[in-house]
Each structure stands twice: as structure tokens, then as C-alpha cells.
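Trainee: just to be clear, the model below is a prediction. Sequence and coordinates:
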Amino acid sequence: MAKASKRNNKKRPSFRKLLKTSNLKLDNKQKNRQFKQQNSAKKQRKEQRKLQQAITDVSHKPLKPLERYKKKQVGEGRRGGGRVSGISACRHDG
């Protein structure tokens, strides 16, 4: 008869090997957690710096009005001498 295939015969890891790998996994987990915390703290500091810079930039600039209104020149009101085009302003039905 033929031999059993070798790919199904996996070696079970020893207890010491398991202990070693589990310690490595825990260490890596802890390092990754610390790394993520450091990165998030860096991002928060960077964002705070940007906000502070934006505030100082705005506070140092002189204030400008949002809209500028042009002053109307007296004497040049409407064209046409004040007449309303189309229907006359005062209608007398008599």
C-alpha cells in the first residue's frame, strides 16, 4: 500500500516554543500599542500647533470689512430724468 501523505503530518510545537513565541507576541503587542499612542500624541500636538499658528496669524492681521459699499454720487441718480419705464407712475382714471 501507499504511504500517507506528508503534508498532513505537522509537528506540534513544544511547550517551551509556545512560551517563547507567546512572550514575543506580547512584547510586540505592547510595543505596537506604545508606538500607536506616540503617533496619535504626535498628530494631536501637530494639529494643536497648526491651530495655534492659524489663530496667531488671524489675530495679527488688520481687520478688513467683509463687504465694501460704494458711496452713491449725488446728482447722477437714475437715467431718464426719474421716469418709470413702462407704466406711468401716476395714473388718473377719470
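Mentor: Structure received.

Trainee: where in the chain is pLDDT low?
Mentor: Scanning the chain for pLDDT under 70 picks out 1-6, 75-94.

Trainee: let's go with 90 and repeat that
Mentor: Applying pLDDT under 90 to the chain picks out residues 1-24, 57-94.

Trainee: break down it into its helices, ranges please.
Mentor: Counting by DSSP state H, one finds helices in the chain at the ranges 15-60.

Trainee: quick check, central residue of it?
Mentor: residue 47 (10.4 Å; C-alpha atoms, centre = their mean).

Trainee: okay, it and residue 22: tell me how far apart.
Mentor: 37 Å (C-beta to C-beta, to the nearest Å). All C-beta atoms are positioned from the backbone trio N, CA, C, and that covers glycine.

Trainee: residue 61: how many residues sit nearby?
Mentor: Other residues near residue 61 number 8, with proximity taken as other C-beta atoms under 10 Å.

Trainee: over to it: give its phi and psi.
Mentor: phi -80, psi 140 (degrees, to the nearest 10).
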